[in-house]
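S.K.: fold the stuff below for me.
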Amino acid sequence: MITTYDVFVKPTMGMGCSKRIGIDLAKAGHKKAFMIYDKGMWDFGIAEPIIKNLQAAGLEVVTFDGVLPDPPDEMVEEAAEKARNAGCDCIIGLGGGSSMDTAKGVNVLMNNPPPIRQYFGVRYDLKPGVPLIFIPTTSGTGSETTNMCVISCVSAGNKASVVSAATIGTQCYLDAELTMGLPAGATAATGMDALAHATESLTSGQQNPLSDAVAREAIRLIHKWLPVAVADGSNREARENLMYASYFAGMAFTNALVHSGHGIAHTIGACFHVPHGNACTMVLPEVIEWTAYNEAHKVRQILECMGVDCPEDMPKEEVGALARKTIRDFAKSVGMKGPDKYGISREQLLSIIPMIMQDTGLALSPHRMASGDLAKILGSAYDEML
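M.R.: Okay, the predicted model is just below:
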């Protein structure tokens, strides 16, 4: 088999590595940076030192601090207009997935006219933007290494992705020092998001040797270090290993793609405004159980990476059930909650099945998922998280 791997973004790794950004960008010849973040990055004292670092290296910095969760297309277009008008020659996304997705969307619009919704899907015809630099402050989305951005379309009331060379980063700084103040709840949710990336990639219909290797390592690291970081947010070893796990999981799903779990989570997020990592976690145990129907050997690997023995002769139905219990117990151990904790009734959750069926994530599943399968998955996810 001949496979071309998508390994895009040059990483700089290590505690404090983001302090190199000014020197690196000045050395590359950049003069004016457009830095994107949410107001929390300023309030927590993360944005200002990076801005000063860039200025000390001789760069002018134009800022946009209006990032919103699940970035709306209208907000992305507002930011892009500011970047274009300022004539910025590079873009920096600082923060979690929303900031990095916003930065990617802005880059799409640097040299392609708005609205961004016209570019949803896989696009090979877009004009390139400018160099794109990411500084993640959570360990979960892996957006710093992926080739897509997820945008909320306000008019349609759903989420969609732009997949393009214009969304690919030039450089990322994996500085776990910036995650040290992340609260336990956010640490758990983002870590479980990375676990969803890794496990769905490992069981997708597009997996390959590279994606399998980094997915398994991400699962091992998350299983070992996420409970440590949730219990003690100041543990530097845990924070650093989770940052790498998030990056590895992002590499895995860039090369193998995620599938039905994310398709379901996108709709839960759009309909009920549940944060993405939490939405993924709600259904991940059942989704992985369902994949054991024809990917039992990969589900066994997930269990092995989570420290659970799974005999080779175990029937696939038992493999799936064991995976469901293992993943759900792990999610509960780090404090994750079910749909009812977000005020979602069982009937409301089941009512979104027609919308889920329209999500492209289901087309990437290892085998066909029908509405009846979704009803079982959502029903179990609701009942078992109570």
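S.K.: spatially central residue for the protein, please.
M.R.: Nearest to the mean C-alpha position of the chain, by C-alpha atoms, centre = their mean, lies residue 141 at 2.3 Å.
S.K.: residue contacts, that residue?
M.R.: Neighbour list for residue 141: 96-97, 100, 190, 193-194, 246, 250, 276 [criterion: C-beta atoms under 8 Å, 6 or more residues apart in numbering]. Yep, even glycine has a C-beta here, placed from its N, CA and C like the rest.
S.K.: could you dump those residues into TSV with distance to residue 136 and secondary structure added?
M.R.: TSV is the format used below for the contacts of residue 141 (distance: C-beta to C-beta, whole Å; DSSP: H, G, I helix; E, B strand; the rest coil):
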residue	distance to residue 136	secondary structure
96	7	coil
97	8	helix
100	7	helix
190	9	helix
193	12	helix
194	11	helix
246	7	helix
250	9	helix
276	14	helix
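S.K.: before we move on, the earlier item: I'd like the distance between the residue nearest to the centre of the chain and residue 297.
M.R.: 28 Å (C-beta to C-beta, to the nearest Å).
S.K.: would you list every one of the strands in the stretch 151-300 of the chain?
M.R.: Applying DSSP state E, counting those that start in this stretch to the stretch 151-300 of the chain gives strands spanning 158-163, 171-174.
S.K.: and the longest one, average pLDDT?
M.R.: To tie it back to what came earlier, the one meant is strand 158-163. What strand 158-163 shows for mean pLDDT is 86.
S.K.: which residues does it contact?
M.R.: Strand 158-163 is contacted by residues 70, 104-105, 108, 116-117, 119-123, 147-153, 266-267, 269-270, 355 when judged by C-beta under 8 Å, 6+ apart.
S.K.: again with the last one
M.R.: With contacts defined as C-beta under 8 Å, 6+ apart, strand 171-174 is touched by 9-14, 17-18, 20-21, 24, 131, 133-136, 144-145, 243-244, 247.
S.K.: for the protein, which segments count as helices?
M.R.: 21-27, 39-43, 47-56, 73-86, 97-110, 184-202, 209-231, 236-256, 260-272, 276-305, 316-333, 346-351, 353-356, 371-385 (DSSP state H).
S.K.: tabulate those helices (CSV), appending mean neighbour count, mean pLDDT and distance to residue 66.
M.R.: Formatted as CSV, the helices of the chain follow (neighbours: other C-beta atoms under 10 Å; pLDDT from 0 to 100; distance: least, C-beta to C-beta, whole Å):
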stretch, mean neighbour count, mean pLDDT, distance to residue 66
helix 21-27, 18, 98, 22
helix 39-43, 15, 95, 8
helix 47-56, 17, 98, 13
helix 73-86, 18, 98, 6
helix 97-110, 28, 97, 9
helix 184-202, 28, 97, 20
helix 209-231, 22, 97, 29
helix 236-256, 26, 95, 25
helix 260-272, 24, 91, 20
helix 276-305, 24, 96, 19
helix 316-333, 19, 97, 32
helix 346-351, 14, 96, 31
helix 353-356, 17, 94, 28
helix 371-385, 17, 93, 34
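S.K.: just to revisit the earlier point, could I get the strands of the stretch 151-300 of the chain as CSV with distance to residue 237 and mean neighbour count?
M.R.: Shown next, in CSV, are these (distance: least, C-beta to C-beta, whole Å; neighbours: other C-beta atoms under 10 Å):
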stretch, distance to residue 237, mean neighbour count
strand 158-163, 34, 21
strand 171-174, 14, 24
